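Novice: just to be clear, the model below is a prediction. Sequence and coordinates:
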Amino acid sequence: MKPVPLLTDILVWLLAAVVAAYFVHVRRQPHLRAPWRRVTYSASGMSALVVLVVFVAIGLIDSLHYRRALERAPGKEAAYSTEVTSVFDAIAAPLREHREKTYSAPFATRAFARETLETTGPDGRLRQVREYPRLVFGGTHLEDEGDRGRDILLRGLKGVALAALVWVGLAAAVRRISKRRPEVPWRAILITAGVLLALAGPALALCSGYHILGTDKVGRDVFYMALKSIRTGLVIGTLTTLVVLPFAVALGIMAGYFRGLTDDLIQYIYTTLNSIPAVLLIAAFVLMGQVLMDLHPDLTPTLAQRADLRLLILCAVLGFTGWIGLARLLRGEALKLRELEYIQAAHAFGVTHTRIIVRHILPNVMHIVLISLVMDFSGLVLAEAVLSYVGVGVDPSMVSFGNMINAARLELSREPVVWWTIAAAFVFMFVLVLSANLFADAVRDAFDPRVRLGGLARA
């Protein structure tokens with residue numbers, strides 16, 4: 001195989017490395033370790049973190065792309081497939097390759113719509129009938145379709161049994177760890193892990209023989225598409241922060257600290273930018289990126305790289321239009337901090353403005369930055385779904401929650417209704433956004449001093 005690191009892959013792993021380095025730094029700093037320790041006291045926050053870890057793991061595995069080597073004749077150079085796939089695609093190869101002709105319902109053995117089939121009549125002559133054709137992969141291991149219910153039950157029980165064994169091993173490991181950290185809500189963590197395993201075990205046991213969430217219009221497995229959409233949502237929610245942070249932190253602190261003309265100029269910039277409808281601005285930048293790729297096809301030699309570049313442009317545009325709220329918060333906080341006694345003392349001793357901002361202002365506003373970024377994650381995931389729905393989101397060839405919803409919306413008017421595609425996208429996106437919101441609430445309660453002081457006053 002030939003590794004093909006996409007631009008978003010590089011940025012995702014770079015961001016993961018930065019997060020890992022940050023937590024290594026946190027472990028060495030008691031004043032930073034204390035609020036994160038308070039996050040671990042929240043039962044809802046830790047339960048949400050378990051779910052987020054599963055989603056992030058899927059997204060990271062799906063961010064390792066390569067091109068498969070083709071068979072070559074002796075003496076010739078190695079050739080590689082033009083299709084760019086990921087490690088997750090290789091793991092989920094049965095789901096990816098088992099494609100039907102068109103729609104099929106969850107756990108179905110036959111297609112969702114009738115087709116004209118040729119059969120042999122009692123007289124031995126061929127005749128045409130309207131019938132639901134048998135699926136190419138779904139339930140083909142069954143000799144008798146009447147055994148489908150029993151087969152689903154047996155496979156599901158095997159998945160539950162395997163999940164129970166894994167959970168027992170996890171519970172034993174947690175029991176040893178909990179003696180050192182009894183204040184952590186280990187019961188909530190184990191319950192959440194048990195629910196995830198109870199769902200994942202039967203799903204893995206059944207997906208090899210059935211399309212457990214059905215197939216879409218072109219026969220793709222909806223369960224596979226929902227899992228692939230996780231990476232797109234995570235990329236939108238995380239890489240946008242790389243664009244948001246420089247604008248928001250630099251301009252927000254400068255406006256509040258220097259005041260005067262600098263403050264007026266920065267306020268004029270973000271007020272003007274905020275007056276432009278965000279959807280129109282995003283659509284303009286995405287279409288400009290589309291024209292750029294059309295004029296320079298050498299920049300994106302493969303379809304995957306083209307879709308990846310459009311995704312990166314969307315992240316940049318969302319970040320360029322999404323820094324205003326955080327900048328306003330930091331401006332207000334900087335206005336307050338610059339009037340405190342230790343800042344005035346630093347001025348009296350001749351400390352430079354840059355050193356004051358870096359050593360005194362920035363550390364005291366980082367809790368606002370962290371809370372804002374964590375809480376904005378869910379909004380960015382939802383923004384991708386809305387933008388893809390109106391046609392200015394990610395590339396149509398890329399699997400995402402928005403594209404799944406956009407492709408399924410017209411099928412809601414047909415009879416019978418094809419409901420499973422939009423239902424799968426809704427459920428996966430709902431779980432991701434809900435987990436992010438619950439974890440963000442725990443982070444806010446731990447880092448916001450006003451929340452902590454209010455709790456102490458009530459106590």
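Specialist: Received, thanks.

Novice: tell me the buried residues in the longest helix belonging to the chain?
Specialist: Assignment by DSSP state H gives helix 222-258 as the longest helix of the chain. Neighbour-count burial for helix 222-258 flags 222-241, 243-244, 247-249, 251-258 (criterion: 16 or more other Cβ atoms under 10 Å). (C-beta placed from N, C-alpha, C; glycine too.)

Novice: now tell me which helix or strand of the chain has the poorest mean pLDDT.
Specialist: Sorting the helices and strands of the chain by mean pLDDT, DSSP states H and E puts helix 449-458 at the bottom, at a mean of 49.

Novice: which segments of the chain make up each domain?
Specialist: Per automatic domain parsing, the domain ranges recorded for the chain read 100-207, 220-445.

Novice: to residue 6, which of these lies closest?
Specialist: Residue 6 sits nearest to domain 220-445 of all those, at 4.3 Å, using Cβ to Cβ.

Novice: so for the closest one, mean pLDDT?
Specialist: Mean per-residue pLDDT for domain 220-445: 85.

Novice: chain center to that domain: distance?
Specialist: Distance, stretch centre to chain centre, for domain 220-445: 13 Å (Cα atoms, centre = their mean, to the nearest Å).

Novice: going along the chain, name the strands of this protein.
Specialist: 2-3, 65-69, 80-86, 115-120, 126-131 (DSSP state E).

Novice: which of the ones you listed comes out lowest on mean pLDDT?
Specialist: Lowest mean pLDDT of the strands of the chain: strand 115-120, a mean of 73.

Novice: run through the residues that contact residue 289.
Specialist: Counting by Cβ atoms under 8 Å, 6 or more residues apart in numbering, residue 289 makes contact with 309-310, 313.

Novice: that one and residue 217: what is the separation?
Specialist: Per Cβ to Cβ, to the nearest Å, residue 289 is found 27 Å from residue 217.

Novice: what of residue 304?
Specialist: Counting by Cβ to Cβ - residue 304 and residue 217 are separated by 21 Å.

Novice: one more: residue 252?
Specialist: 46 Å.

Novice: try residue 82
Specialist: Using Cβ to Cβ, residue 82 is found at 24 Å from residue 217.

Novice: angle of the longest helix of the chain against strand 80-86?
Specialist: 70 degrees (axes from the mean of the first three to the mean of the last three Cα atoms, to 10 degrees).

Novice: and residue 325, what is it in contact with?
Specialist: By Cβ under 8 Å, 6+ apart, the contact set of residue 325 is residue 372.

Novice: excluding chain neighbours, what is closest to residue 400?
Specialist: residue 232 (4.0 Å; Cβ to Cβ, 6 or more residues apart in numbering).

Novice: higher neighbour count, residue 304 and residue 217?
Specialist: Between residue 304 and residue 217, counted using other Cβ atoms under 10 Å, residue 304 has the larger neighbour count: 21 against 13.

Novice: wait, the more buried one sits on residue 66?
Specialist: No - taking contacts as Cβ atoms under 8 Å, residue 304 lies outside contact range of residue 66: 10.8 Å.

Novice: overlap in contacts, the two.
Specialist: With Cβ under 8 Å, 6+ apart as the test, residue 304 and residue 66 both reach 4, 84.

Novice: about what we covered before: quick one, which of the strands of the chain is nearest to residue 205?
Specialist: Comparing those against residue 205 with Cβ to Cβ, the closest turns out to be strand 80-86 (23.4 Å).

Novice: could you say what helices and strands the closest one packs with?
Specialist: Secondary-structure packing of strand 80-86 (3 or more Cβ pairs under 8 Å, 6 or more residues apart in numbering; DSSP states H and E): strand 65-69, helix 303-322.

Novice: residue 164 and residue 300: what is the separation?
Specialist: In this structure, residue 164 and residue 300 are 47 Å apart, going by Cβ to Cβ.

Novice: could you do residue 248 as well?
Specialist: Taken as Cβ to Cβ, the span from residue 248 to residue 300 is 30 Å.

Novice: ditto for residue 374
Specialist: Applying Cβ to Cβ, the value for residue 374 to residue 300 is 32 Å.

Novice: and residue 192, by the same measure?
Specialist: Residue 192 sits 40 Å away from residue 300, going by Cβ to Cβ.

Novice: who's more crowded, these two?
Specialist: With neighbours defined as other Cβ under 10 Å, residue 192 and residue 300 compare such that residue 192 has more, 21 against 17.

Novice: once you drop chain neighbours, what's closest to that one?
Specialist: Counting by Cβ to Cβ, 6+ apart, the nearest residue to residue 192 once its immediate chain neighbours are dropped is residue 47, at 4.1 Å.

Novice: hang on, isn't that neighbour packed against residue 439?
Specialist: No - judged on Cβ under 8 Å, residue 47 makes no contact with residue 439 at a distance of 9.0 Å.

Novice: if you count surrounding residues, which of the two has more?
Specialist: When residue 47 and residue 439 are compared for neighbours, residue 439 comes out ahead with 25 against 22, by other Cβ under 10 Å.

Novice: check contacts around that one.
Specialist: Residues in contact with residue 439, defined by Cβ under 8 Å, 6+ apart, are 45, 48-49, 52, 374.

Novice: I'd like to know how far residue 303 sits from residue 15.
Specialist: 25 Å.

Novice: scratch that, residue 294 is what I was asking about
Specialist: Note on residue 294: its distance to residue 15, by Cβ to Cβ, is 29 Å.

Novice: and the two? Which one has more around it.
Specialist: Ranked by neighbour count (other Cβ under 10 Å), residue 294 and residue 15 place residue 15 first, with 15 against 10.

Novice: my guess is the more buried one meets residue 240, correct?
Specialist: No - using Cβ under 8 Å, residue 15 is not in contact with residue 240; the gap is 10.7 Å.

Novice: low pLDDT regions in the stretch 1-150 of the chain?
Specialist: Within the stretch 1-150 of the chain, the ranges that satisfy pLDDT under 70 run 72-76, 121-124.

Novice: in it, which spans are helices?
Specialist: In the stretch 1-150 of the chain, the segments counted as helices under DSSP state H, counting those that start in this stretch are 7-28, 30-39, 43-61, 87-91, 93-97, 148-178.

Novice: can I get these in CSV including distance to residue 384?
Specialist: As requested, the helices of the stretch 1-150 of the chain are arranged in CSV below (distance: least, Cβ to Cβ, whole Å):
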stretch, distance to residue 384
helix 7-28, 13
helix 30-39, 26
helix 43-61, 13
helix 87-91, 19
helix 93-97, 22
helix 148-178, 31
